[in-house]
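K.L.:
3D, please:
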Amino acid sequence: MATIDLNADLGETVDGIPTADDEAMFAVISSASVACGGHAGDTASMTDAVARAARADVAIGAHPSFEDRAGFGRTALDVAPDLLRRQVRGQIAALATAGAAVRYVKPHGALYHVVTRSADAAAAVAAAVADVSSDLGRVLPVLGLDGEIVRAAESAGLPFVREAFLDRAYLPTGALVPRTSPNALLGDPAVVAARAVRLAREGVVDAVDGSTVRADAASLCVHGDSPGAVAMARAVRAALDEAGIAVRAPW
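P.N.:
Okay, the predicted model is just below:
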């Protein structure tokens, strides 16, 4: 039977207010990338996420970012590699301290994209993940898109797991359409669900110009804070189940 991971970025509370319906999302996903203080989240939200994950049998990953709560981690910051390494390590460690059995690490927002093109930033993030892997006594995979982070993870002895996005538009290059563009987000549950099945079966996705982009991925993401996230996630899970594709965490 074919299998695929379905992940969502959760635990993203801001000033104690959730940005997503975490309870509903945990019911349909297999992995949760949990905010750990850099762009959102706090001790209470991390503890809540740990409890929800245990009830739903969902794997927990750390979702570190540039330390930019004001901008929700969506602005690329010029951070020295040594400092970035410490910041990312501290965020992952905070989630583990909240009781999470952290299984993987997925950078958030601007950091997610910066590490695809900056060798220095990618090396800093990979080093932080390797540091925490050593602390925890288990190797943590890195989840993301192709780019410098792939080479950095491999150099640090970390598995790299490729991800594809269900609710984001793609450029013909395989990069995501910037959030500042009006067509960056998808919101139709039926369209997103069909995309999920095609990605799981064929490893391809349509770009905004109609071309086909190769996107071999072991994990598919629906953003928890996207408009209509719960409806999309439920539609995706139902479509995968109907297609005989098992939703299962790979960690």
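K.L.:
how about the strands in the stretch 1-150 of the chain?
P.N.:
3-10, 31-35, 59-63, 102-105, 142-144 (DSSP state E, counting those that start in this stretch).
K.L.:
spatially nearest residue to Ser181, not counting backbone neighbours?
P.N.:
The shortest distance from Ser181 to any residue other than its chain neighbours is 7.8 Å, reached at Ala169 (CB to CB, 6 or more residues apart in numbering). C-beta: built from backbone N, CA, C; applies to glycine.
K.L.:
can you get me a residue count around the one you found?
P.N.:
As a burial measure, the neighbour count of Ala169 was computed by other CB atoms under 10 Å and equals 19.
K.L.:
contacting residues for it?
P.N.:
176-177, 181, 183-186, 207-208 (CB atoms under 8 Å, 6 or more residues apart in numbering).
K.L.:
buried among these? Make that a PyMOL selection.
P.N.:
Here the buried members of the contacts of Ala169 are turned into a PyMOL selection, burial being counted by 16 or more other CB atoms under 10 Å:
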select buried, resi 176+177+185+186+207
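K.L.:
could you work out the most separated pair of the contacts of Ala169?
P.N.:
For the contacts of Ala169, with distances taken as CB to CB, the pair at the greatest spread is Leu185 and Ala207 (14.9 Å).
K.L.:
quick check: mean pLDDT of stretch 65-73?
P.N.:
Averaged across stretch 65-73, the pLDDT comes to 97.
K.L.:
list the contacts of that stretch.
P.N.:
Contacts of stretch 65-73 from elsewhere in the structure, counted by CB under 8 Å, 6+ apart, are 14, 35, 38-40, 74-77, 79, 84, 87, 91, 107-111.
K.L.:
next, count neighbours for Ala153.
P.N.:
Applying other CB under 10 Å, we find 26 other residues in the vicinity of Ala153.
K.L.:
that one falls within a helix, correct?
P.N.:
Yes: under DSSP: H, G, I helix; E, B strand; the rest coil, Ala153 falls within a helix.
K.L.:
in helices, which of the contacts of stretch 65-73 fall?
P.N.:
Within the contacts of stretch 65-73, residues falling in helices by DSSP state H are 84, 87, 91, 109-111.
K.L.:
picking that back up, tell me the one of the contacts of Ala169 nearest Pro18?
P.N.:
Leu185 (19.4 Å).
K.L.:
so the closest one touches Ala229, yeah?
P.N.:
No: the pair Leu185 / Ala229 is not scored as a contact, 10.5 Å apart, by CB atoms under 8 Å.
K.L.:
quickly list what's touching both of the two.
P.N.:
Common neighbours of Leu185 and Ala229, using CB under 8 Å, 6+ apart, are Asp167.
K.L.:
what about Leu171, how many neighbours?
P.N.:
A count of nearby residues for Leu171, using other CB under 10 Å, gives 15.
K.L.:
I'd guessed it sits against Asp206; true?
P.N.:
No: contact criterion CB under 8 Å: Leu171 and Asp206 do not qualify, at 11.3 Å.
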